[in-house]
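Enquirer: return atomic coordinates for the entry below.
(2 chains)
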Protein chains: 2
Amino acid sequence: MTAFDDLMAFQRDTQALGQIAGRLGWDQETMMPRESASQRGEEMAAIEGVLHARRSDPRVGDWLEQIEADDDVAAAQLREIRRSYERAGKVPADLSRRIAQVTSQAQGKWAAARSDEDVASFLPVLEEVVALKREEGQALAGDGDVYDAMVEDYEPGTTGAQIAAIFDAMRPRLVDLRAAVLEMPTPAGLSGTFDESKQMQLTRRLARTFGYDMAHGRVDKAVHPFSSGSGDDVRITTRTSETDPFNCFYSTIHEVGHGAYEQNIDKSFLLTPLGRGVSMGVHESQSRIYENQLGRSRAFTGWLFEQMQEAFGDVGVADADAFYGAVNRVHNGYIRTEADEVQYNLHIMLRFDLERALMAGDLAVGDLEAAWNDRFDSDFGYGVDRPSNGCLQDVHWSVGLFGYFPTYSLGNVYAGCLYQALRTAVPDLDAELAVGETSGATEWLRENLQQHGSLYEPRSIITRASGMEPGPEPLLDYLETKFGALYGL
Amino acid sequence: MTAFDDLMAFQRDTQALGQIAGRLGWDQETMMPRESASQRGEEMAAIEGVLHARRSDPRVGDWLEQIEADDDVAAAQLREIRRSYERAGKVPADLSRRIAQVTSQAQGKWAAARSDEDVASFLPVLEEVVALKREEGQALAGDGDVYDAMVEDYEPGTTGAQIAAIFDAMRPRLVDLRAAVLEMPTPAGLSGTFDESKQMQLTRRLARTFGYDMAHGRVDKAVHPFSSGSGDDVRITTRTSETDPFNCFYSTIHEVGHGAYEQNIDKSFLLTPLGRGVSMGVHESQSRIYENQLGRSRAFTGWLFEQMQEAFGDVGVADADAFYGAVNRVHNGYIRTEADEVQYNLHIMLRFDLERALMAGDLAVGDLEAAWNDRFDSDFGYGVDRPSNGCLQDVHWSVGLFGYFPTYSLGNVYAGCLYQALRTAVPDLDAELAVGETSGATEWLRENLQQHGSLYEPRSIITRASGMEPGPEPLLDYLETKFGALYGL
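Expert: Next comes the predicted model:
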């Protein structure tokens, strides 16, 4: 055994334990008995303690000092191991523990404040979270920028300034597109009720249609859809609503994008640091391109319309064109997770600017609600009616996820680049999607992006796969073309 | 923090990690995608490695040297911690690893041999397992008896000689009872087919009827029924067969006995060494008394007959007496897990004598099949027709579980003692069971036995609860009375 073999054997167990922690998270949202949460909290804390000790184990530092990489794969493994080891060494264990404790309380207080529409009751604990996360960010950043250090956790190699430049370029065209679309009549939605067990049957079929491998995964219901796990055991969840079957189907297609990315990684990377999606933004590029560019296309919705008629009978719209309109309705609303393709990124930009100001110390927690409401009014043209539709709508800040929001829009930007390249690589794409055949697209994504796991850094894999430096133009062109045609602009 | 507090905090994390390993086992049998087994094997190995390191951590030895117990509960905690620590220190890590590797292969070879009816293909690996387990037994036993050291893992404080004495006292009366019963006509079984989703509905109702707490547990299907977990998250499984609903219902009631024992342990013991059932025999006493003395009683089966008629309509027997006969049919068969109350313990005695001889070196692995077949013929009066009905029927030896089999019969013996005491303590038991009310019985078991977890040693808790030294007479009296009446002896 060489030192490299020893290090990789150690990492393999660490990855396996990380996979176990993920499996417990899945269980908690899908299977766990309703009064087992407190014991589960202790179980999660125990395995997180084991993981933290392994990530900062001094033997890893010794190995990293001794080892020279023989090839590109080994170099990439060492890069990922070094990143994790150095991060673990920068944050004092006591600070990590306090963050875990405070965010666990804050999540409960956020949920209560949201249902009571009571921002004031949430602010004291949010103040604590912000202070602790700034302390962590300073420990991570050293002489650098605090917010950049936080983004680095989710999107390595991308800075706040780079994101701001992308967003500045997107915003005027999105604002114009939104205004033009909203002046036109809104297409009708579906009507009727849709049996929930039939929704689950069709949703499992959709998962398979998009290449999700049921022999290495499963689809269950959960309150919030998510994908969980890596390698040979990647599970997704969706939800059902009797009156809104699109919620179920597009949640599934979105999560299949995440899940198929994990399932399609080169098996030689299994249970190694390269055997996972490389960043949140690249992950989101997969879920978004599956959900939007493929799943909400005119071609694919034509096929879906037939499947829904077969499953449910009349769905309340006359033909495939009306169905396509119903899938892609643009209308006013407050909630990010319910936003359409045109408006979604405006929600993210709002959060990005506010959380960056919070971390820089330029915005006080006490001024957050007013800042949110002012910005919303100026971006969307109408006021926030209540906190649960405003600054209390998302869980992220309560659990300390600062630097996470912009990766959603980066994912959309990356998806735009990938889709432009995909259209050239698969000229028959629309004809395939029109008969429910996605393998031309999903195979291209597997071959050019997914199989590499974390071998290449985020921006680099997007450039390799799409043949271009990541930028917002392809996404904006796609949105203007699609919604221009749909709304007759 | 005192040294005792430190030790208990360390133990709490160890128990939580053990609970996680159990949860993975549950997932593997109920939810895991069908091709995720190999990755799961690595995950299990990783967490078992963490658990082994914690159980043999030198800090535990230091703490145990420093600490004096202040009270009985602390003394019992230290007793359990010391037992686990000393055991971990006696078996070389390399031997444990080899046993894990060989038994993992052996289980696959056993399954293949059983389906091919090919004993010879299984013997080489069984030879290895027996040699390694004898080596482990010698390491555990020191100057003592190897088999006793193995029983100690499952039934602390009981020796092979004590078990042999109990079995010697039981055997003649069981042989006589069996012979007398089999001379009488066999009652008819149920006939018809029974919808499996209705079976699951009724089985969940039965679980609740026997006091299983669904807010801290759940019931799923699995190939082999089992109970998994401790404290606030205890899950059970059952199985369904369209033609044999008793398999589902009595598997459930049996597993509820195990599960309710774990659920009913004093909450102050949660995630401590006392917060688990104290031994396999005591555990089995709970599953057996729920399943047999309560669940297969004339009183309870009268109520169950009504529930089954409501759920399924005609079940193929005329009245509650005939139904009682169908539940308690005694007939010839080869398979231990399908055996009735009269014959079950004869199956165990056969295995006990053979495995004890294997561990003592008095029986060669190559002679096992012949020894099994001779003994079966002499005990049951007919020959084994094929290996899957003989020495290949049980998984236990392939996975190294020597010393485990006798705890099944000890459980029956303990259940006999408890039932005698319970009849006196709850004089209206039959009237309660006749209306599907089990709480008189289950509350008595909770109060007198289950709540104590591992506070008292196995024989001691049976004596405390039943008021008698454990012995086979109450069980034999119960069996002779029940089957004497049922078969008109």
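
Enquirer: what does chain A put close to chain B?
Expert: Applying Cβ under 8 Å from any Cβ of the partner chain, one finds that chain A approaches chain B through A:12-14, A:16-17, A:19-20, A:23-24, A:27, A:31-36, A:38-40, A:42-43, A:45-47, A:49-50, A:214-218, A:231-233, A:235, A:270-271. For glycine as for every other residue, the C-beta is placed from the backbone atoms N, C-alpha and C.

Enquirer: make a PyMOL selection of the buried ones in the residues you listed.
Expert: Selecting only the buried entries of the residues of chain A next to chain B in PyMOL, with 16 or more other Cβ atoms under 10 Å in any protein chain shown as the criterion:
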select buried, chain A and resi 12+13+14+16+17+19+20+23+24+27+31+32+33+36+39+40+42+43+45+46+47+49+50+216+217+218+231+232+233+235+270+271
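
Enquirer: element containing the spatially closest residue to A:Leu476 that is not a sequence neighbour, please.
Expert: Distances taken as Cβ to Cβ, 6 or more residues apart in numbering or on different chains place A:Arg173 nearest to A:Leu476, at 4.9 Å, with adjacent residues excluded. Using DSSP states H and E, A:Arg173 sits within helix A:160-182.

Enquirer: how far does the very next helix or strand once past that helix sit from the chain's center?
Expert: Once helix A:160-182 ends, the next helix or strand along the chain (criterion: DSSP H and E) is helix A:196-209. In terms of Cα atoms, centre = their mean, to the nearest Å, the centre of helix A:196-209 is found 22 Å from the chain centre.

Enquirer: so which elements touch helix A:196-209?
Expert: strand A:219-221, strand A:235-238, helix A:245-263, helix A:298-312 (3 or more Cβ pairs under 8 Å, 6 or more residues apart in numbering or on different chains; DSSP states H and E).

Enquirer: can you pull the buried residues of it?
Expert: Buried residues in helix A:196-209 (16+ other Cβ under 10 Å): A:199-200, A:202-204, A:206-207, A:209.

Enquirer: turn these into TSV, including pLDDT.
Expert: Below are the buried residues of helix A:196-209 laid out as TSV (pLDDT from 0 to 100):
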residue	pLDDT
A:Gln199	98
A:Met200	98
A:Leu202	98
A:Thr203	98
A:Arg204	98
A:Leu206	98
A:Ala207	98
A:Thr209	98
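
Enquirer: just these now: which is nearest A:Gly61?
Expert: Closest to A:Gly61 out of the buried residues of helix A:196-209 is A:Ala207 (42.3 Å), distances taken as Cβ to Cβ.

Enquirer: measure how buried the residue lying closest to that closest one once chain neighbours are set aside is and give me the count.
Expert: Sequence neighbours aside, A:Val256 is the residue nearest to A:Ala207 in space, at 5.1 Å (criterion: Cβ to Cβ, 6+ apart). Residues lying near A:Val256 (other Cβ atoms under 10 Å in any protein chain shown) number 32.

Enquirer: now for A:Val256: which residues touch it?
Expert: If you count contacts by Cβ atoms under 8 Å, 6 or more residues apart in numbering or on different chains, A:Val256 has them with A:206-207, A:210-212, A:236, A:287, A:290.

Enquirer: next one: A:Ser297
Expert: A:Ser297 neighbours (Cβ under 8 Å, 6+ apart): A:430, A:433.

Enquirer: quick check: it vs B:Met31, distance?
Expert: As for A:Ser297, its distance to B:Met31 is 34 Å (criterion: Cβ to Cβ, to the nearest Å).

Enquirer: got any ranges where the stretch 51-200 of chain A has weak pLDDT?
Expert: Applying pLDDT under 70 to the stretch 51-200 of chain A flags no residue at all.

Enquirer: coming back round to it: which one, of the helices and strands packed on helix A:196-209, ends up nearest to A:Leu140?
Expert: Nearest to A:Leu140, of the helices and strands packed on helix A:196-209 and by Cβ to Cβ, is helix A:245-263 at 25.9 Å.

Enquirer: what separation do you get for the residue nearest the centre of chain A and chain B?
Expert: Geometric centre of chain A, nearest residue: A:Glu284, 4.5 Å, by Cα atoms, centre = their mean. A:Glu284 sits 24 Å away from chain B, going by Cβ to the nearest Cβ, to the nearest Å.

Enquirer: spatially nearest residue to that residue, not counting backbone neighbours?
Expert: The nearest residue in space to A:Glu284 (Cβ to Cβ, 6+ apart) is A:Gly411, at 2.4 Å.

Enquirer: OK, contacts around that neighbour?
Expert: A:280-288.

Enquirer: name the nearest residue to A:Leu271, ignoring sequence neighbours.
Expert: A:Leu271 sits nearest to A:Gln15 (Cβ to Cβ, 6+ apart), 4.4 Å away.

Enquirer: ok, A:Arg375 next?
Expert: A:Leu350 (5.2 Å).

Enquirer: state the number of residues packed around that neighbour.
Expert: 20.

Enquirer: wait, it touches A:Asp377, no?
Expert: No: contact criterion Cβ atoms under 8 Å: A:Leu350 and A:Asp377 do not qualify, at 10.8 Å.

Enquirer: so A:Val317 sits right up against A:Phe246, yeah?
Expert: No: at 11.7 Å, A:Val317 does not count as touching A:Phe246 under the criterion of Cβ under 8 Å.

Enquirer: tell me which of these two has more neighbours.
Expert: Remark: of A:Val317 and A:Phe246, A:Val317 carries more neighbours, 21 against 17, as counted by other Cβ under 10 Å.

Enquirer: which single residue of the stretch 51-200 of chain A ends up nearest chain B?
Expert: A:Arg54 (9.1 Å; Cβ to the nearest Cβ).

Enquirer: surely that residue is in a helix?
Expert: Yes: assessed with DSSP: H, G, I helix; E, B strand; the rest coil, A:Arg54 lies in a helix.

Enquirer: the nearest residue to it once chain neighbours are set aside: which element?
Expert: What sits nearest to A:Arg54 in space, not counting adjacent residues and going by Cβ to Cβ, 6+ apart, is A:Thr14, at 4.6 Å. Taking DSSP H and E as the definition, one finds A:Thr14 inside helix A:3-30.

Enquirer: tell me which residue in the stretch 351-489 of chain A sits closest to chain B.
Expert: A:Gly453 (14.8 Å).

Enquirer: backbone dihedrals for that residue, please?
Expert: Its backbone dihedrals place A:Gly453 at phi 50, psi -130, with angles given as degrees, to the nearest 10.

Enquirer: for A:Ile265, same thing?
Expert: phi -70, psi 140.

Enquirer: that one contacts A:Leu449, doesn't it?
Expert: No: taking Cβ under 8 Å as the definition, A:Ile265 is not a contact partner of A:Leu449, at 10.2 Å.

Enquirer: need the residues touching each of A:Val317 and A:Phe246.
Expert: A:190, A:326.

Enquirer: which parts of the stretch 251-400 of chain A are helices?
Expert: Taking DSSP state H, counting those that start in this stretch as the test, the helices found in the stretch 251-400 of chain A are A:280-288, A:298-312, A:320-327, A:344-360, A:368-380.

Enquirer: ranking those helices by burial, who's on top?
Expert: Highest mean neighbour count among the helices of the stretch 251-400 of chain A (mean count of other Cβ atoms under 10 Å in any protein chain shown): helix A:280-288, with a mean of 27.
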